[in-house]
Structure formats: structure tokens, C-alpha cells
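Trainee: Just the structure for this:
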Amino acid sequence: MKNLPVFYRRPMYLFALFFFLLLVPCRIFAQSFVPELNPPSQKSQRIITSASKKPILGNMQLRHEMAGLLGEKVGPDDSGDVYHAGGLSGYYTGPKKLFPGKGKLQDFYKFLPVIRWYDPDYYFNTEAFHPGSAVTGEYENEQCIICHTLENPGLVTQWRQSKHAATSEGREIVGCDRCHGKNHEKLIMPSYVVCGECHEKQLKGHRDGGRGSHAHAYHLELIDQGCQMEKPAEETAACLACHAIAENRCDGCHTRHRFSAAEARKPTSCGVCHSGPEQYEYEMYMQSFHGMIYQGEGQTWDWSRPLNAKNYTVPTCAYCHMPEGNHNVRSMSTVYTYMGTSLVDRGTYRYKEARDAWIVLCKDCHSPRFARDHLEAMDEAVKLSFVKYREAMAIVIALYKANLIDPMPSDLAPDSRGHNIFSLLPGKGEMRKYNVSNIERLTYEMLVDITGAIYKAKAHNAYYSPIYGYWEWAQDRWLVQIKDEAGKLKRFAEIEETLGIKYTAPPFWKHGEYTDMLLGVKRKEWGK
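Mentor: Have a look, this model is predicted:
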């Protein structure tokens, strides 16, 4: 044993060699008796495996195999049949009706018809997309109420509870015809444009918001960024529900048909969109002392009263971000940091005016020193959180430079721009957490889901989550996972080099039933 080369004296390499020698005959045996479960795309060869010997397209083979095991037939996913064991016998049919995309990438993706409710000025009110109506004629508000009391009693009840229906104090009734028009065949779905005809101040505040505000949530932040619209229409509908309603309609906060200011003042209204991974504002507020008191006492407050310290024990989302009813939610902010994923010290002198504005707001209940100390704690926690991310990125970039990312970008389906560029390379690739290597996904999550959320936790003065609940300790956990994955990639590379193995990433990284639906694949194939 002493005279053997170093390689043969290392247990790890002996095990690797044994495993490799065992793997080769096993693979040959498996290929002889086990059907190929990752066949070529439909454009390539046809495989015959069924009892009837009819040709089965390559990407249909798995379905027929599973159908045989389950004793059911292969069929479309819209047939109404139940396909057991994860639907392995079914095949994708897709939506029967889609609306064209919008913006500079409109040729590459489509929308489900539900978009008409989210972007009504473009997809509902125009002649090209208007759904029409089986009811003809023109009607006044009184006639609308008579009919809809029978057809939609809940809707009429909500309207009667609103200020639009009030007749006291000389108010003019704002009825159905005022917002929807009188011609029933050409009824419109109101957007902020219609609301702004009466609520000019609120409209101006809404539209004056810069990037990161509701004013740009849809067009700028969603449909003009391919990384948001890369997936099929069925998936992006959920993104649209928040982004488009926030920008295009007022009833995202003041729900129809009461349009209640009291409802919009409650944190639960904001929490519909501002919660969950990448947002987490609602959860962080609820974990703060402010949120705790709101949950304990909020049901007793008179939410119809203006948002100030005289009327509310603790502040709410609207109290802080929309002071005195200012509909520009960016008015109480500093600099846009892409949901907290960009590093900036908000306590520096250049942001003194914004910091002082927050101190003044906090003075409703706290001393200026108390407020400054807590905001400074936020600044320091944010800066430290990016130290861990940089340590992680140094590891990942070194792997990328050494060609050790598995799979490398060239072995993946292209990103939403149609490029095969490393997704974490600043200014080059499209950051994404799907259809990427495991270490890229982990690193993306560490920044977008965790590092950004530390800022939100500290900004909302949540004590538990910044450290123990998920965030700072989660950063530690993600950093360990990234290091662990990097170590494995290095070890695999050493073993392959020693054994003379030339590794090639499997083709399933580039193509698959779902992967081929992604925007980047289409753009690359079409050369755009």
C-alpha cells in the first residue's frame, strides 16, 4: 500500500473509482431494459413502444408508459378526465383564448382574458377587446339599480353603503351610468382615469410616484421586463393581479362598490399584495409592536376618521406611507433599491430631508432620539446583511470563472432576453431562480428573498424575524448551503479530472415540456 500512488491511497478516490466502475455496466444494463424517460423533443425522432406499434412522439412516451401502469388512457388535460399519480397520462393543451401582449415584448407573450379587468382601458374599453353585452339599449342609474338588485344584489348593497349613493349635504349621486356609461353594449370598466375626473388630488398623487410606486407597478415593473413575463400566461396572471390593479385601478385598495376609505386605511388592504416572498411588508408589520396593538385593538377603532395620533393608537401602512391621504406612496421614502436588493445607507446626509420627515412622523408617539436610534439600527443591519451576500457571491463567481457551475449558462435554456449569460453577473444576465443551477438559485434567494427582507423587517421594527424567525439566521443557513454546494462542485470536478471523465450537462436543462414554453427559448429561436 505504501508504494501505491497518492491517488490510490485516498479513500475518497477509491470509492469514486469503485462507484464509476460499477456505474458503467449498470447504465448499460438500464439502457437495455428500461425505456428512455427523457426522450428527444417532438421535432426529432419518433419512438415506437406501444402494444399497437403505432408511432408515439418522443415527448409522449412517458405518458403512454404511465397510462399502462395506471390502467388509464392518455388524453388532453382539458377533457375532464381524472389523470392519477400527478397527471402523468395527460398532456398540456393550454388556454383556448389568449389576448396579445403589450409593450416592447408584446410579440413574445400572451395574456389570459382576465387581463381585461386588470388593464381595462386597453383590454376592456377598446373596441378590439370589448366583451359586448346581450343587453341592448341605454339606461339611467335608477334603471340599472332595478335590474341589478335582482341580478347582483350584493353589488347594489355595496353601492348603497358608499358615499357615491349618499344624497345628504348636497352631494350628487354617483351612479352606475356615471362610471360605466349608459350604453349597455359598450359599458366601460373604470380605471383611475374615470376616478380622477372627481378625485383630482388623489389621481395626481398616484401618478406622481416614481419608480417603485404604484404608478409604475404594471407597465415599467412588469410587462417591460421580460424576467417578469417569461413564464406562460397561466402563471403571470397572479403577477398581474397585484401589479396591474395597483397601477391601473383604484379599487385595488378601495374595493368596489363601496370604495371605502376606512377599508383602505387598514393594513389588511395593503397585505393583499405586500406579503409573501420578496414582499413580506405585511408580515413584518404584524410582528412589530405596532402590528401587535393593531391586531388587539384595531377592531374597536373608528376607521372613518383621519389618520393621525389623535384617532389611532399606533400607525398603520397608510398612516406612514400615505400621510394626510397623499396617494404618492413614494413621498415617504428615500431611494429606490429594487425591493431592498440594492445596498444604500439611508442615514447618510444626502437623505437627511427624508430621514427628518420620518423623525417628524414618529414624533406623533415617540421622542426624536428613540426614532433616530431605531432607524440607525435599520441602517446598520442592512449594511451588514450585504456582507454575507458578497461572501456568497465571491464563492459563486470563482466557480463561474473556473467553469464549475453545474450546469454552466451555455447548457441552460436561455434567459428572458434569449441569452445564455450567467444569471448573477451584474448588468449582464437576467436574475432568476428557476431553470438555473442550484447554487445560482440559492444565491438569488439569499439576495431577493432574504437580504431584501432584512431591510423590510428592520424598517417595520419587527424584532423576531430579522434574526431568529427567518432572515439573518436564514442568511447564515443559505451561506452554509452555498458553501456546501460549492464544495461538492469542486470535489466532483477533481474526481472527474482524475478519472478522465468529460462531463456534459444533460439536455433536460435546455428543453422540456415546460421549459420550452419560456420566453427566452422563443426569443432565441426567433432570433429576437
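
Trainee: So for Val382, what's the pLDDT?
Mentor: What the model reports as pLDDT for Val382 is 93.

Trainee: which ones are touching the closest residue in space to it that isn't next to it in sequence?
Mentor: Excluding its sequence neighbours, the residue lying closest to Val382 (Cβ to Cβ, 6 or more residues apart in numbering) is Tyr455, at 4.9 Å. For the C-beta atoms, the positions are set from N, CA and C on the backbone; glycine is no exception. When contacts are counted by Cβ atoms under 8 Å, 6 or more residues apart in numbering, Tyr455 touches Thr337, Gly340, Met378, Ala381, Val382, Ser385.

Trainee: Quick check: which element contains Tyr455?
Mentor: Element membership of Tyr455 [criterion: DSSP states H and E] is helix 452-459.

Trainee: Give the buried residues for the lengthiest helix in the chain.
Mentor: If you go by DSSP state H, the chain has its longest helix at helix 368-401. For helix 368-401, a neighbour-count test (16 or more other Cβ atoms under 10 Å) marks 371-372, 375, 378-379, 381-382, 385-386, 388-389, 392-393, 395-396, 399-400 as buried.

Trainee: Off-centre distance for that helix?
Mentor: Offset of helix 368-401 from its chain centre (Cα atoms, centre = their mean, to the nearest Å): 23 Å.

Trainee: pLDDT value on the residue nearest to the spatial centre of the chain, please?
Mentor: Nearest residue to the geometric centre of the chain (Cα atoms, centre = their mean): Cys239, 5.8 Å. With respect to pLDDT, Cys239 scores 87.

Trainee: go on, Phe99?
Mentor: 94.

Trainee: any idea how far the closest residue to it other than its chain neighbours lies from Gly132?
Mentor: Nearest non-adjacent residue to Phe99, counting by Cβ to Cβ, 6+ apart: Phe111, 4.5 Å away. The gap separating Phe111 from Gly132 is 19 Å, by Cβ to Cβ, to the nearest Å.

Trainee: neighbour count winner among these two?
Mentor: Between Phe111 and Gly132, Phe111 has the larger neighbour count (other Cβ atoms under 10 Å), namely 24 against 11.

Trainee: Identify the residue nearest Val396 in space, chain neighbours excluded?
Mentor: Computed as Cβ to Cβ, 6+ apart, the closest residue to Val396 that is not its neighbour in sequence is Thr443, at 5.3 Å.

Trainee: quick one, phi psi at that neighbour?
Mentor: phi -70, psi -40 (degrees, to the nearest 10).

Trainee: list the contacts for it?
Mentor: Ala392, Met393, Val396, Leu424, Ile482.

Trainee: wait, which of those residues is closest to Arg346?
Mentor: Relative to Arg346, the closest of the contacts of Thr443 is Met393; by Cβ to Cβ it sits at 22.4 Å.

Trainee: correct me, but the closest one touches Leu424?
Mentor: Yes - in this structure, Met393 is within contact of Leu424 by Cβ atoms under 8 Å, at 6.9 Å.

Trainee: Please determine how far the residue nearest to Val382 is located from Thr337.
Mentor: According to Cβ to Cβ, Tyr455 and Thr337 sit 8 Å apart.

Trainee: So the nearest residue to Tyr464 once chain neighbours are set aside versus Tyr294, what's the distance?
Mentor: Leaving out its chain neighbours, the residue that sits closest to Tyr464 by Cβ to Cβ, 6+ apart is Gln287, at 5.5 Å. The spacing between Gln287 and Tyr294, counted by Cβ to Cβ, is 11 Å.

Trainee: Of these two, give the one with the bigger neighbour count.
Mentor: Tyr294 (23 against 20).

Trainee: hang on, isn't that one packed against Tyr319?
Mentor: No - using Cβ under 8 Å, Tyr294 is not in contact with Tyr319; the gap is 10.1 Å.

Trainee: all helices of the stretch 251-400 of the chain, in order?
Mentor: 261-265, 267-271, 281-287, 289-297, 317-321, 352-362, 368-401 (DSSP state H, counting those that start in this stretch).

Trainee: What's the separation between Pro407 and Gly71?
Mentor: Applying Cβ to Cβ, the value for Pro407 to Gly71 is 37 Å.

Trainee: So if I had to pick from the two, which one is more boxed in?
Mentor: A direct count of neighbours by other Cβ under 10 Å for Pro407 and Gly71 places Pro407 higher, at 18 against 8.

Trainee: And the contacts of Thr443, which is closest to Ala85?
Mentor: The nearest member of the contacts of Thr443 to Ala85, counting by Cβ to Cβ, is Ile482 at 34.5 Å.

Trainee: Farthest-apart pair in the contacts of Tyr455, please.
Mentor: Farthest-apart pair in those is Thr337 and Ala381; separation 14.2 Å (Cβ to Cβ).

Trainee: can I get the contacts of Thr443 in JSON lines with pLDDT and distance to Ala128?
Mentor: Shown next, in JSON lines, are the contacts of Thr443 (pLDDT from 0 to 100; distance: Cβ to Cβ, whole Å):
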{"residue": "Ala392", "pLDDT": "97", "distance to Ala128": "48"}
{"residue": "Met393", "pLDDT": "97", "distance to Ala128": "46"}
{"residue": "Val396", "pLDDT": "97", "distance to Ala128": "47"}
{"residue": "Leu424", "pLDDT": "92", "distance to Ala128": "41"}
{"residue": "Ile482", "pLDDT": "98", "distance to Ala128": "49"}
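
Trainee: Let me have those in CSV, extended by distance to Arg116.
Mentor: Shown next, in CSV, are these (distance: Cβ to Cβ, whole Å):
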residue, distance to Arg116
Ala392, 43
Met393, 42
Val396, 42
Leu424, 37
Ile482, 43
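
Trainee: Spatially, which two of those are the most separated?
Mentor: Leu424 and Ile482 (11.3 Å).

Trainee: what sits against the nearest residue to Gly340 once chain neighbours are set aside?
Mentor: Nearest non-adjacent residue to Gly340, counting by Cβ to Cβ, 6+ apart: Gly452, 3.4 Å away. If you count contacts by Cβ under 8 Å, 6+ apart, Gly452 has them with Glu278, Tyr338, Met339, Gly340, Thr341.

Trainee: ranking those by neighbours, who comes first?
Mentor: The residue in the contacts of Gly452 with the most neighbours, by other Cβ under 10 Å, is Gly340 (21 neighbours).

Trainee: so it sits right up against Ala457, yeah?
Mentor: No - at 9.9 Å, Gly340 does not count as touching Ala457 under the criterion of Cβ under 8 Å.

Trainee: ranges for the strands of this protein?
Mentor: Using DSSP state E, the strands assigned to the chain run over residues 46-47, 56-57, 75-76, 90-91, 99-100, 110-111.

Trainee: who touches the fourth one?
Mentor: The reference is to strand 90-91. Residues from elsewhere that reach strand 90-91, judged by Cβ under 8 Å, 6+ apart: Met60, Arg63, Val74, Gly75, Pro76, Asp77, Ser79, Asp81, Tyr83.

Trainee: And for the last one, the neighbour number?
Mentor: Pointing back at Tyr83 there. Counted with other Cβ under 10 Å, residues neighbouring Tyr83 total 21.

Trainee: Apart from its chain neighbours, what residue comes closest to it?
Mentor: Sequence neighbours aside, Gly90 is the residue nearest to Tyr83 in space, at 4.0 Å (criterion: Cβ to Cβ, 6+ apart).

Trainee: Let me know the pLDDT of that neighbour.
Mentor: On pLDDT, Gly90 comes in at 93.

Trainee: Repeat that for Asn152.
Mentor: 94.

Trainee: do the same with the one 4 residues further on
Mentor: Note for Val156: predicted pLDDT of 96.

Trainee: Could I get the contacting residues of it?
Mentor: Val156 neighbours (Cβ under 8 Å, 6+ apart): Ile145, His148, Thr149, His257.

Trainee: Scan the residues you listed and report the most crowded one.
Mentor: Per-residue neighbour counts (other Cβ under 10 Å) across the contacts of Val156 peak at His257, which has 21 neighbours.
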